[in-house]
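Engineer: Everything below, folded, please.
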Amino acid sequence: MDPNTNTRLEFTNHLVCLPIPDSAAPKWKKMVETHKVLLDKLAHHEAMRPNLHQVYMQPAKDKNKVYFEWDFVGRTLGYLYAIPPSLANLTAKEQEVWEDAVGRAFLAKKLITGKDGMLDQMTEMAYPEQRGRHPEMGEEIEELASLLGA
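Structural biologist: Okay, the predicted model is just below:
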């Protein structure tokens with residue numbers, strides 16, 4: 001995939017369709033499966049419509065909290081595929097990547113399911129034009145996010 005020519009939809013479809021090896025550790029497999037479904041749901045959320053068919057490296061038309069989480073969840077899935085799915089005999093660097101992915105999953109869960117407005121605040125800090133513009137994630141996305149780090 002080339003981020004300068006492929007769209008966000010193509011990147012999403014690519015990540016969602018990556019195979020899960022038979023040798024995958026159960027906790028790696030569960031985390032990958034949950035991230036794949038969540039990434040697909042975020043990509044097809046109404047708030048992602050302005051961004052989905054843009055080239056990946058093109059600045060997003062609407063940098064809302066759904067876009068923020070789509071990017072975060074997609075990058076976490078990339079981390080997971082960067083380490084051996086068996087989680088056996090990880091190098092120190094691979095262990096660090098695994099621990100980072102686990103931490104990112106917990107953070108995504110907290111941000112998406114939290115009712116404290118933290119995701120709205122983070123989005124506004126990064127993208128001030130989003131002040132007061134916060135699309136609802138929806139029950140299905142929140143339910144999927146609740147499975148992260150479980």
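Engineer: host element of the residue of the chain positioned farthest from its centre?
Structural biologist: Centroid-distance maximum for the chain: Asn89 at 26.1 Å, with C-alpha atoms, centre = their mean. Counting by DSSP states H and E, no helix or strand carries Asn89.
Engineer: Which elements pack onto the helix or strand of the chain with the lowest mean pLDDT?
Structural biologist: The least trusted helix or strand in the chain, going by mean pLDDT, DSSP states H and E, turns out to be helix 118-126, with a mean of 86. Helix 118-126 sits against helix 65-81, helix 92-113, with contacts defined as 3 or more C-beta pairs under 8 Å, 6 or more residues apart in numbering; DSSP states H and E. From N, CA and C alone the C-beta is placed, and that goes for glycine too.
Engineer: orientation of that helix relative to helix 92-113 in degrees?
Structural biologist: Angle, helix 118-126 to helix 92-113, by axes from the mean of the first three to the mean of the last three C-alpha atoms, to 10 degrees: 110 degrees.
Engineer: Could I get the CA-only coordinates of helix 118-126 as PDB?
Structural biologist: The C-alpha coordinates for helix 118-126 follow below in PDB (Å, rounded to 0.1, in the frame of the first residue of the first chain):
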ATOM      1  CA  MET A 118     -11.800  13.400  27.300                       C
ATOM      2  CA  LEU A 119     -11.900  12.400  23.600                       C
ATOM      3  CA  ASP A 120     -13.800  15.600  22.800                       C
ATOM      4  CA  GLN A 121     -11.100  17.700  24.700                       C
ATOM      5  CA  MET A 122      -8.200  15.900  23.000                       C
ATOM      6  CA  THR A 123      -9.800  16.300  19.600                       C
ATOM      7  CA  GLU A 124     -10.300  20.000  20.200                       C
ATOM      8  CA  MET A 125      -6.800  20.500  21.400                       C
ATOM      9  CA  ALA A 126      -5.400  18.800  18.300                       C
END
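Engineer: Fine, thanks again, bye for now.
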